[in-house]
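Engineer: Next one to model:
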Amino acid sequence: MTIPNSETPISRPSLAQLFLAFFRLGLTAFGGPAMIAYIRRLAVEQKGWLDADTFKDGVALCQMIPGATAMQTTAYVGLKARGLRGAAVSFLGFGLPAFCLMLVLAALYASTRSLPAVVSAFSGLQAIIVAVIANATLAFGRTTLKKWTHVFIALLAAVLFSLNVNPLLVILMAAIAGLLLVRPDPGSGQASPPAHFPSPIILVVGALAVYGLGLLFLFFFRKNLFNLSLLLFRIDLTAFGGGFASVPLMYHEIVDVRGWLDSQTLMNGIVLGQMTPGPIVITATFVGYMIAGLPGGVIATVSIFLPSFLLVVGIAPYFEHLRASPLFNKVIHGVLCSFVGLLAAVTVRFAMNIHWNLAHELLSGAALIALLLKVDILWVVICGTILSILLFR
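Structural biologist: Below you'll find the predicted structure:
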């Protein structure tokens, strides 16, 4: 099949076609950032909605801003194909299957977690989550830590996160370190033509206004949901590096700082996030449901994804200018290095919450080897569930 390029005429899908295509993809898209490859196959190779170079620019944008990277990539595709409405329906279609499935799983978990089979399954799957986060640390580290200065920033961040320093302060320190220590890539700072998008200002301002009114209502009538919504909105705004960055921040704020859930419950929610298609940050739906039922699940989901969407449609028109700035690239790279440290610190913290024995060690080690060998994470979780029931019953 011929891959479209900048010379190839681009097809213009309807809004319904965008929604249905991404909804179908969302039903089967497992593996976190690996989903971007499937989005490319759909949008560039199969449908011809974008050319290869435009898609590459979109991926670069979504990697450099905080939020759920794969979800943001779908919004970028929709934005380029059909403007702001295209971005909205693509984003919604891709995320809807994971949201619905997570609500069902959260409800089942809340009612059955005391059953022996469920307890056994989650006992083993928690060990697998350690392997999943460790693999993410290695993968993210390989692509981010290219020089000793990058390693230094990551190690410094790991120590600070381990000492429970405020994550926002760590991110700020990493940004400053990046500005001072990271050398810009060759060619950065060169001028590039501006992107041609309709102005997103009205949409962004309007969405924030509606969200603000919703927060005001919750402040007076459901203070717990107000606090939950504001926290998850802030987490997504600071989650450079995608979903695996959001989850450690959730853990820190929800378990360590506020104590809304215990460590074991949240780790089980992360397992459920791995079992659903879509980004792991869908764990927020589980968190919201466990704290406040169905309203909590809905509000948590909106709050964790809204910043991701608004950042894409708000920054995309100006990204070419930002990407051309060497100072901007240095700051972002410093922040990305800090999240390697965050993932490393959380791997250790998760591991310390497990009562290790030989079975747990073998299960976690086998999961890590499988992930390093590029085995689909869905099969790792399914096989881990079966083995956990057999080993820990």
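Engineer: Is Gln72 within a helix or a strand, and which one?
Structural biologist: In this structure, Gln72 sits in helix 69-112 according to DSSP states H and E.
Engineer: which element follows that helix toward the C-terminus?
Structural biologist: Helix 69-112 is succeeded, C-terminally, by helix 116-144 (DSSP H and E).
Engineer: Which strands and helices lie in contact with that next one?
Structural biologist: When contacts are defined as 3 or more CB pairs under 8 Å, 6 or more residues apart in numbering; DSSP states H and E, helix 116-144 packs onto helix 148-162, helix 243-251, helix 263-275, helix 326-352, helix 358-372, helix 377-392. Backbone N, C-alpha and C define where each C-beta goes, glycine included.
Engineer: Val298: which of these is closest?
Structural biologist: Closest approach to Val298 among these (CB to CB): helix 263-275, 16.0 Å.
Engineer: Quick check: what element follows the closest one along the chain?
Structural biologist: helix 283-315.
Engineer: tell me which residues in that following helix are buried?
Structural biologist: 283-292, 296-315 (16 or more other CB atoms under 10 Å).
Engineer: now do stretch 167-177
Structural biologist: Pro167, Val170, Ile171, Met173, Ala174, Ala175, Ala177.
Engineer: Can you name the residues that contact the fourth one?
Structural biologist: Listed by CB atoms under 8 Å, 6 or more residues apart in numbering, the contact partners of Met173 are Leu156, Ala157, Leu160, Ser338.
Engineer: And the pLDDT for the first one?
Structural biologist: In other words, Leu156. With respect to pLDDT, Leu156 scores 91.
Engineer: same thing with the third one?
Structural biologist: Leu160 carries a pLDDT score of 88 in this model.
Engineer: just checking, it touches Val170?
Structural biologist: Yes. Taking contacts as CB atoms under 8 Å, Leu160 lies within contact range of Val170: 4.8 Å.
Engineer: returning to what we had before: neighbour count added to the contacts of Met173, as CSV?
Structural biologist: Output for the contacts of Met173, formatted as CSV (neighbours: other CB atoms under 10 Å):
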residue, neighbour count
Leu156, 17
Ala157, 28
Leu160, 20
Ser338, 30
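Engineer: JSON lines for the residues you listed, including distance to Glu361?
Structural biologist: Compiled in JSON lines, the contacts of Met173 are given as follows (distance: CB to CB, whole Å):
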{"residue": "Leu156", "distance to Glu361": "30"}
{"residue": "Ala157", "distance to Glu361": "28"}
{"residue": "Leu160", "distance to Glu361": "29"}
{"residue": "Ser338", "distance to Glu361": "30"}
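Engineer: doesn't Ile254 make contact with Val287?
Structural biologist: Yes. Using CB under 8 Å, Val287 is in contact with Ile254, at 6.2 Å.
Engineer: which neighbours do these two share?
Structural biologist: When CB under 8 Å, 6+ apart defines a contact, the residues bordering Val287 and Ile254 alike are Trp260, Leu261, Leu266.
Engineer: Now do the same contact list for the last one.
Structural biologist: Okay, so that is Leu266. Applying CB under 8 Å, 6+ apart, the residues near Leu266 are Met250, Tyr251, Ile254, Val255, Thr283, Val287.
Engineer: and the fourth one, what does it touch?
Structural biologist: Think Val255. By CB under 8 Å, 6+ apart, the neighbours of Val255 are Leu261, Asp262, Ser263, Leu266.
Engineer: next one: phi and psi at it?
Structural biologist: Per-residue torsions, Val255: phi -90, psi -50 (degrees, to the nearest 10).
Engineer: and the nearest residue to Gly273 once chain neighbours are set aside, what pLDDT?
Structural biologist: Nearest residue to Gly273, sequence neighbours excluded (CB to CB, 6 or more residues apart in numbering): Thr283, at 3.8 Å. Note on Thr283: pLDDT of 91.
Engineer: ok, now how distant is Thr283 from Ala366?
Structural biologist: 23 Å (CB to CB, to the nearest Å).
Engineer: re earlier: out of the contacts of Val255, which is most surrounded?
Structural biologist: Per-residue neighbour counts (other CB atoms under 10 Å) across the contacts of Val255 peak at Leu266, which has 22 neighbours.
Engineer: how near is it to Phe226?
Structural biologist: 21 Å.
Engineer: go on, Ala367?
Structural biologist: Relative to Phe226, and taking CB to CB, Ala367 is found at 38 Å.
Engineer: neighbour count winner among the two?
Structural biologist: Ala367 (27 against 18).
Engineer: what's the burial count for the nearest residue to that one once chain neighbours are set aside?
Structural biologist: The shortest distance from Ala367 to any residue other than its chain neighbours is 3.8 Å, reached at Ala131 (CB to CB, 6+ apart). As a burial measure, Ala131 scores 24 neighbours (other CB under 10 Å).
Engineer: Alright, that wraps it up for me.
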